[in-house]
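In: Sharing a model prediction with you, sequence too.
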Amino acid sequence: MTLRFSVLASGSTGNAFYIGTDKENILVDAGLSGKELNRLLEEAEIDPKKLSKILVTHEHSDHIKGLGIFARKHNLPIYANANTWKAMEHSIGKISLDQKFEFKMEETKTFEDIDVSSFGVSHDAIEPMFYTFHHEGKKVAILTDTGYVSDRIKKTVEDADALIMESNHDVEMLRMGRYPWSVKRRILGDSGHVSNDDCAIALKDIIGNKTKRIYLAHLSKDNNMKELARMSVENGLKDYGFDIGRDLSIHDTDPKNPTPLYEVV
């Protein structure tokens with residue numbers, strides 16, 4: 001029974017991620033309209049009616065835009081930590097009590113045959129956290145929306161078979177771009193987003209012998225490009241001695257198109 005996943009959408013306009021087995025089907029975040037989420041799932045050949053639950057990372061709109069309507073339509077339980085629940089309640093509409101569940105930070109829950117562990121990140125939300133997923137010795141980790149990658153986070157996500165990793169911006173594009181300085185300072189700060197170069201620096205300590213696939217995620221619409229992110233990260237990793245293409249593959253994600261459903265073997 002394999003672990004499979006798809007990055008349904010990733011970027012500053014909306015984020016959603018699917019991971020599942022034959023027994024469990026989990027959606028992480030719902031940062032697009034309900035209609036878009038249905039389309040993305042169907043394009044990835046995932047039946048929305050078979051989803052079992054939604055896990056939330058934090059309350060920013062690009063992660064919860066369609067959460068309420070999608071959960072109500074499909075009668076899905078939602079898991080988030082208590083502070084995130086408080087921060088997002090006014091944005092997602094009425095959720096019945098039997099759909100509201102708490103997932104504490106630094107906690108592990110078992111859903112059927114998947115163990116899910118949460119961990120904190122450094123981002124300007126009330127209590128942001130991301131997840132690692134474990135099934136029959138396989139591990140998949142999601143790490144976006146953080147200003148830096150601490151040693152603690154590296155230890156948490158290291159040696160995953162597949163990693164969805166933030167590569168948000170090119171620093172020079174951001175510095176020279178049209179954003180006001182206050183926004184640039186936020187993005188570049190410790191509670192902002194990881195740059196292409198910092199992504200490569202963090203990955204050198206995260207990639208292990210099991211790691212075969214890296215997905216570059218949460219790219220800025222205005223301050224990055226897929227080709228630039230991939231080139232920056234690949235060149236950085238080559239400088240650290242990694243053989244890209246033989247031992248390890250780098251993959252793009254997209255704000256409007258899901259990645260092909262991948263089975264971790």
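Out: Nice, I can see it. Here the structure is a predicted model, which means the values were calculated and not measured.

In: How about residues contacting the helix or strand hosting Ile69?
Out: Element membership of Ile69 [criterion: DSSP states H and E] is helix 67-74. Residues outside helix 67-74 that contact it (Cβ atoms under 8 Å, 6 or more residues apart in numbering) are 29-31, 33-34, 37, 48-49, 51, 54, 56, 76-78, 88, 91-95, 99. Every C-beta, even on glycine, is put in place using the N, C-alpha and C of the backbone.

In: Tell me which stretches of the stretch 1-150 of the chain form helices.
Out: With helices called from DSSP state H, counting those that start in this stretch, the stretch 1-150 of the chain shows them at 34-43, 61-64, 67-74, 82-92.

In: Using JSON lines, lay out those helices together with distance to Phe5.
Out: Below are the helices of the stretch 1-150 of the chain laid out as JSON lines (distance: least, Cβ to Cβ, whole Å):
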{"stretch": "helix 34-43", "distance to Phe5": "12"}
{"stretch": "helix 61-64", "distance to Phe5": "17"}
{"stretch": "helix 67-74", "distance to Phe5": "18"}
{"stretch": "helix 82-92", "distance to Phe5": "22"}
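
In: Which one of the ones you listed lies nearest to Ile201?
Out: Closest approach to Ile201 among these is made by helix 61-64 (24.8 Å; Cβ to Cβ).

In: Which strands or helices does that closest one pack on?
Out: The elements that helix 61-64 packs onto, with contact taken as 3 or more Cβ pairs under 8 Å, 6 or more residues apart in numbering; DSSP states H and E, are helix 82-92.

In: Residues touching the helix it packs on, excluding its own?
Out: 56, 58-59, 61, 64, 67-68, 71, 80, 95, 100, 102, 104, 125-129.

In: Just the buried residues of these.
Out: For those, a burial check counting by 16 or more other Cβ atoms under 10 Å picks out 56, 58-59, 64, 67-68, 71, 80, 95, 125, 127-129.

In: and which of the residues you listed is nearest to Arg213?
Out: Nearest member of the buried ones among the contacts of helix 82-92 to Arg213, counting by Cβ to Cβ, is Met129, at 22.7 Å.

In: And the pLDDT at the closest one?
Out: Met129 carries a pLDDT value of 98.

In: Alright, I will stop here.
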